[in-house]
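I would like to see how this sequence folds:
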Amino acid sequence: MLKRESGEREYPIWILFNPKHPISHDNWTPVLDQIQDKVYRKLNTRIDSSDIYFRNAVRDISIVPNTLNWWGPEVAKEIEMFREIALKYKPTILFSFGAFAFEFLRRVYEIKPEKGPKSWSTSLLGDEFERSMENFDINKTNIIPLLHRVGVSASFLDTQNYFCRKDSENYYHYVGSRLAEKIIENKDRLNIWIKHSPVSNNATCISP
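Predicted coordinates:
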């Protein structure tokens, strides 16, 4: 059974996803790898990703909205539940994977107008990603939409072009680089770094 949540709620980075499309190596790791690469080259450190908070948008996969029943009362309860914990812990970076998770968060934070099941195309999610980068504010929760799937298929180039707006740009490289820029800019305000144990000056050296 898929876990409802993992990681630490106190951690500044959260990821919300649709249980129909669980987070996997294929859709999150390539983004994180790009972020880590840029961060390490610039800061000579890495993000401690072990405590990133992952959460299913809804506990029961059967209530995930479809075109006939987009937002039922069960989903409304899940929105209220998530709103409670989000307002309590105030994550700085809140990723949504896919259209459902993004619209879920918009309703959590009461962003209008409310959208329907086919409103969030890849292109529009790309627009929202750009907007989130332009308006990034370290003093508030930043909702950042990502794609829940970028498959190796005939449509891969179309998918990344719609999202990234550049014919030659790889989705993972583009997204990871943009996110790394914001993280590096705010490095002193984010408690997300791997902490190295200091070497004691009183350490005793034993001669061979």
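
need the helices for this protein, in chain order.
29-43, 73-89, 99-108, 122-134, 156-164, 171-185 (DSSP state H).

So, low pLDDT: which residues of the protein?
1-2, 24-25, 67-69, 117, 150-169, 196-208 (pLDDT under 70).

Let's check: the centremost residue of it is which one?
The residue lying closest to the centre of the chain (Cα atoms, centre = their mean) is F95, at 2.4 Å.

Could you check how far that one is from I52?
To I52, F95 is 9 Å away according to Cβ to Cβ, to the nearest Å. All C-beta spots, glycine's among them, are computed from the backbone N, C-alpha and C.

Let me know how buried R55 is, in neighbour terms.
22 (other Cβ atoms under 10 Å).

For it, list the residues it contacts.
Residues in contact with R55 (Cβ atoms under 8 Å, 6 or more residues apart in numbering) are 4-5, 14-17, 82.

isn't T92 right next to T141, touching?
Yes. Checked against Cβ atoms under 8 Å, the pair T92 and T141 is within contact range at 6.6 Å.

quick one on the thing from earlier: bridged to the residue nearest to the centre of the chain, which residues?
Beta-bridge partners for F95, by DSSP bridges, are I15, I144.

got the contact list for it?
Residues near F95 by Cβ under 8 Å, 6+ apart: 13-16, 144-146.

What remains of these if I keep only buried residues?
Using 16 or more other Cβ atoms under 10 Å as the burial test, those include 13-16, 144-146 as buried.

Columns distance to E114 on top of the helices of the chain, output as JSON lines?
JSON lines is the format used below for these (distance: least, Cβ to Cβ, whole Å):
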{"stretch": "helix 29-43", "distance to E114": "27"}
{"stretch": "helix 73-89", "distance to E114": "11"}
{"stretch": "helix 99-108", "distance to E114": "6"}
{"stretch": "helix 122-134", "distance to E114": "14"}
{"stretch": "helix 156-164", "distance to E114": "23"}
{"stretch": "helix 171-185", "distance to E114": "26"}
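
ok, now how distant is the residue nearest to the centre of the chain from N142?
Separation of F95 from N142 (Cβ to Cβ) stands at 9 Å.

just I47 next, same as before
Distance of I47 to N142, computed by Cβ to Cβ: 16 Å.

I93 too?
6 Å.

between I47 and N142, who's got more neighbours?
I47 (20 against 17).

Now that one: closest residue in space that isn't a chain neighbour?
The shortest distance from I47 to any non-neighbouring residue, by Cβ to Cβ, 6 or more residues apart in numbering, is to I192 (5.1 Å).
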